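Asks: Using only what follows, build the 3D model:
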Amino acid sequence: MRRRHFPRSQPIVPAVTDLDKSQRFMKQKLALYLDKLLARQPRLDREFLEMLHWLVGPEMLEDFVDQLRPLLTVQQRRQFEQHLGEDIFESHVFANAILSLVRGMRRDLQNTVTRLLKKTLNQWLDTIQYCGASQVENSLSLFKEIFRLSDLEIEICLFLSLLQIWDEAQRLFEYHLGCHSFSGRNYLATILNASDVEIALAINGKLTKIGILENDRGNSISLEASFHQLLNTASHGDLKTEFFTKIDPNPVPLDAHMVDPLATQHILTLLGAGTESSTHVLLYGPPGTGKTSYALGLAKELGLPVYLVEHAAKDRHWRRQFAFTACVNMAVHGESSIVLADDSDVILGTRDSWSLFGESSDKRWLHDLLETPGVRMIWTVNSISQIEESVARRFSFSLPFKAFSTAQRIRLWESILEKRNLGAILEESQVKDLATKFQSSPGVIEQSVRKAAETGCHSNEGLLSALNLSLDAHETLTHGGTKPHRAKLADPNFTLEGLNVTGTDLRGLIEELKAYTQHLKRLDDNDGSTMALLFHGPSGTGKSHLARHLALELDKEVVFKRGSDLLSMWVGGTEQNIKGAYEEAAAKDAILVFDEADSLIFTRDRAVRSWEISHTNEFLTWMEQFPGIQIFTTNRLSDLDNASLRRFNHKLEFRYLRPDGNITFYKRLLLPLTGSRMSNKIESQLKQISRLAPGDFKVVRDRFKFKNPSEVSHDALLAALREEAMVKSVHAGEKAIGF
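Replies: Have a look, this model is predicted:
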């Protein structure tokens, strides 16, 4: 019979030779799906025939028509010709012609048509054979390896990916047969050569747990979009780096961290044992306390490869479970290694995951991950408040990291400088200034010192300049492009001598606070004792300055909180801020100072609002349980709640300076501004001025400090002090004395 020739005006279907290896592989899969449908579900329908037409092309189907013609009666052939016409290029025309033909045929002839279609499909498969593996096959093989997937799980991923690539495949397998839904699960089982039970187990198992499949409450499934993208675009060589990165740690030495050596040795023993069960170590504490650097130091000490889980990149779209599952599988089944899960608050913080994200599978997935046999992981988080007990109990060991004190940061600087052979270049005072000025993490400090050494900064001036520039730039970067507000340090001109303080001996108080600090360091002696101090008196009398001076004496930082830092317009917000203040001070091992405490601890006898009582109750609770030094300052003692007064270990009243105090602060703050010594007459006049406070001398100093010393006279300074004293006297309704 004469072969049909098609008009040149018809669109040209891409030749098989135009397909690359991946396209050939994927279309082979679609052909095999159709073949299995023909074998088990021989009923022909329009969607199947249109899909077949799209896949094999009209020229291959022309051969099918030529083989079919001799099997038809004259009448059947005539009707078939009428329906087919000259438009075999059109899939719907071909489908209509075949359906019209088989509708009136006997069952055996229908089976013959099906057999010829199957033969045509297999002949087409022979034409698209290729040598070697395609990119998609390589990706599937690697996905199978790093996610530990079964053959069936990989086949499901590939099938769902094909539906996203070709609309023709989606129309047949999803829209028509419903293979993505529960109702069409038998068709999916047919084309993947599996049972319904095996399909259900594969779908509801690991694929759903780690987020490869998006399961619409069990009714329909789809492949997660970013996984589909990776499967079809990522190269084999770069695919692993999408999930984890092998790093070569060059951290700060382990002994530079302020960690008990016994704890460090215990962690090294746990991670180095390589047991069959899982080993997880949790490092927690505020940012910048050295958790990551310490973790890298552990890995280097063990001499094991370390892999960083790539889970926090904001430009990535796949779920974090991908990265963790891939990295853990690699570490367990590949080379013996340590997995570092840095900044994992979101991963481990499952306490509110059901309400915040609606991902009920997170906990199940996380528990399975934590119980993976043989895995050795180090986790770091900034907060443990959202870690549930069911997660916390799976850690073999946990270690808190607190903010460095000034002394600890100095020792850290010394250790890092010594490591780079730069320890002798900077002076002791310069190292102290760097440690006080910058709150950077050990890793940032180490990098700044390393870069300074690499660029040849080996002079005092050059090294100091390079370190200041580098660290200042880093802190500006991490604070949104603006320089951070640095904590106000103790005034070097402040002195205990000359203060007019009653209630305790200041030198004795300092020794008592030092003893209390040592008491807190002995865990076995930690009996819940607290140290709350009340500083009350007029403004400027030295309350805040003494708090900073105590921090300097005790080698601690100061956390200052005012009403504006704590009071919130939201219900419960102030209570949360109060809690946060205590937690911040505890984490930094700092002295906690509440300035203008009368605006925070309301007297409940005169409270008219419920929130005033609630705020006071929150303070009273924390005052009784805070293991550290807390200082409250106020100008209005009568406004404080009576119950709070009973909780203060010491109540220090700050009064205006005595005459000798006037002389002390004048000599320290104002005398250097003049070009002459202080005469007996000036000293006598100074002693007669009442209602002066250390703050007044600071105000006058700031007013005259930029003048030439020849322009600053003692008379002018005394006049300025009298003015400050007079303002306070007028405000108090009294006549000033000493004018």
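Asks: Out of the helices and strands in the protein, which is least certain?
Replies: Lowest by mean pLDDT, DSSP states H and E among the helices and strands of the chain is helix 353-356, with a mean of 43.
Asks: got the CA positions of whichever helix or strand comes after it in PDB?
Replies: Of the helices and strands lying after helix 353-356 in sequence (DSSP states H and E), the nearest is helix 362-370. The C-alpha coordinates for helix 362-370 follow below in PDB (Å, rounded to 0.1, in the frame of the first residue of the first chain):
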ATOM      1  CA  ASP A 362       9.000  18.700  61.900                       C
ATOM      2  CA  LYS A 363       9.200  16.900  65.200                       C
ATOM      3  CA  ARG A 364       9.000  13.400  63.700                       C
ATOM      4  CA  TRP A 365      11.700  14.300  61.200                       C
ATOM      5  CA  LEU A 366      13.900  15.900  63.800                       C
ATOM      6  CA  HIS A 367      13.600  13.000  66.200                       C
ATOM      7  CA  ASP A 368      14.500  10.500  63.500                       C
ATOM      8  CA  LEU A 369      17.500  12.700  62.500                       C
ATOM      9  CA  LEU A 370      18.700  12.900  66.100                       C
END
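Asks: avg pLDDT for helix 362-370?
Replies: Average pLDDT, helix 362-370: 81.
Asks: Which neighbouring elements make contact with the helix or strand just after it?
Replies: Under the assignment DSSP H and E, the closest C-terminal helix or strand after helix 362-370 is strand 376-381. Judged by 3 or more C-beta pairs under 8 Å, 6 or more residues apart in numbering; DSSP states H and E, the packing partners of strand 376-381 are strand 279-284, helix 291-302, helix 320-333, strand 338-341, helix 345-348. Every C-beta, even on glycine, is put in place using the N, C-alpha and C of the backbone.
Asks: buried ones in the last one?
Replies: For helix 345-348, burial by neighbour count (16 or more other C-beta atoms under 10 Å) applies to 345, 346, 347, 348.
Asks: so what's residue 659 up against?
Replies: Residue 659 sits next to 686, 687, 688 when contact means C-beta atoms under 8 Å, 6 or more residues apart in numbering.
Asks: Most neighbours out of those residues, which is it?
Replies: When neighbours are counted by other C-beta atoms under 10 Å, residue 686 leads the contacts of residue 659 with 23 neighbours.
Asks: residue contacts, it?
Replies: Residue 686 touches 659, 662, 663, 666, 678, 718, 721, counting by C-beta under 8 Å, 6+ apart.
Asks: now do residue 637
Replies: By C-beta under 8 Å, 6+ apart, the contact set of residue 637 is 536, 598.
Asks: Now it. Its backbone dihedrals?
Replies: Dihedral pair for residue 637: phi -60, psi -40, per degrees, to the nearest 10.
Asks: Distance to residue 601, pLDDT and secondary structure added to the contacts of residue 686, as a markdown table?
Replies: Below are the contacts of residue 686 laid out as a markdown table (distance: C-beta to C-beta, whole Å; pLDDT from 0 to 100; DSSP: H, G, I helix; E, B strand; the rest coil):
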| residue | distance to residue 601 | pLDDT | secondary structure |
| --- | --- | --- | --- |
| 659 | 35 | 95 | helix |
| 662 | 33 | 95 | helix |
| 663 | 36 | 95 | helix |
| 666 | 36 | 95 | helix |
| 678 | 43 | 89 | coil |
| 718 | 39 | 95 | helix |
| 721 | 34 | 96 | helix |
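Asks: quick revisit: tell me the most buried of the helices and strands packed on strand 376-381?
Replies: Mean neighbours per residue, mean count of other C-beta atoms under 10 Å, is largest over those for strand 338-341, with a mean of 25.
Asks: Please list the outside residues in contact with that strand.
Replies: For strand 338-341, contacts defined as C-beta under 8 Å, 6+ apart pick out 244, 247, 271, 292, 295-296, 298-299, 302, 304-309, 311, 324, 327-328, 331, 347, 375-380.
Asks: that older thread, among the contacts of residue 659, which are in helices?
Replies: 686, 687 (DSSP state H).
Asks: Please identify which of the contacts of residue 659 is nearest to residue 463.
Replies: The shortest approach to residue 463 among the contacts of residue 659 belongs to residue 686, at 45.9 Å (C-beta to C-beta).
Asks: State the distance from that closest one to residue 714.
Replies: 9 Å (C-beta to C-beta, to the nearest Å).
Asks: shared neighbours of those two, which are they?
Replies: Between them, residue 686 and residue 714 share the contacting residues residue 678, judged by C-beta under 8 Å, 6+ apart.
Asks: related to what we said a few turns ago, out of the buried residues of helix 345-348, which is nearest to residue 199?
Replies: Using C-beta to C-beta, the buried residues of helix 345-348 come closest to residue 199 at residue 347, 29.9 Å.
Asks: can you tell me how far the spatially closest residue to the closest one that is not a sequence neighbour sits from residue 343?
Replies: Excluding the flanking residues, the one nearest residue 347 by C-beta to C-beta, 6 or more residues apart in numbering is residue 320, at 6.1 Å. According to C-beta to C-beta, residue 320 and residue 343 sit 11 Å apart.
Asks: Ok, residue 78 next?
Replies: Applying C-beta to C-beta, the value for residue 78 to residue 343 is 75 Å.
Asks: So for these two, which residue has more residues nearby?
Replies: residue 343 (16 against 10).
Asks: Might one say that that one is in contact with residue 383?
Replies: No. Counting by C-beta atoms under 8 Å, residue 343 does not reach residue 383; the two are 11.1 Å apart.
Asks: how about the residue nearest the centre of the chain, secondary structure?
Replies: Among the residues of the chain, the one closest to the centroid is residue 343, at 4.4 Å (C-alpha atoms, centre = their mean). Here residue 343 is recorded as coil under DSSP: H, G, I helix; E, B strand; the rest coil.
Asks: next one: phi and psi at it?
Replies: phi 50, psi 60.
Asks: residue ranges of the strands in this structure, please?
Replies: Here the chain has its strands, by DSSP state E, at 213-215, 221-223, 244-247, 279-284, 306-309, 338-341, 376-381, 397-400, 500-502, 531-536, 558-561, 591-594, 629-634, 650-655.
Asks: Now the first one: buried residues?
Replies: Of the residues in strand 213-215, 213, 214 count as buried by neighbour count, 16+ other C-beta under 10 Å.
Asks: Kindly report the same for the last one.
Replies: Under the neighbour-count criterion of 16+ other C-beta under 10 Å, strand 650-655 has 651, 652, 654, 655 buried.
Asks: out of those, what pair is the most spread apart?
Replies: Largest pairwise distance in those, by C-beta to C-beta, is 13.3 Å, between 651 and 655.
Asks: Reformat the buried residues of helix 345-348 as TSV; add distance to residue 90 and pLDDT.
Replies: Shown next, in TSV, are these (distance: C-beta to C-beta, whole Å; pLDDT from 0 to 100):
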residue	distance to residue 90	pLDDT
345	58	86
346	53	83
347	54	85
348	58	88
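Asks: what's the closest of these to residue 156?
Replies: For the buried residues of helix 345-348, the nearest to residue 156 is residue 347 (25.8 Å; C-beta to C-beta).
Asks: Can you give me the distance of the closest one to residue 363?
Replies: With C-beta to C-beta as the criterion, residue 347 and residue 363 are 11 Å apart.
Asks: Residue 342: neighbour count?
Replies: 17.
Asks: ok, now how distant is it from residue 554?
Replies: 33 Å.
Asks: which residues does residue 323 contact?
Replies: By C-beta under 8 Å, 6+ apart, the neighbours of residue 323 are 242, 243, 244, 309, 310, 311.
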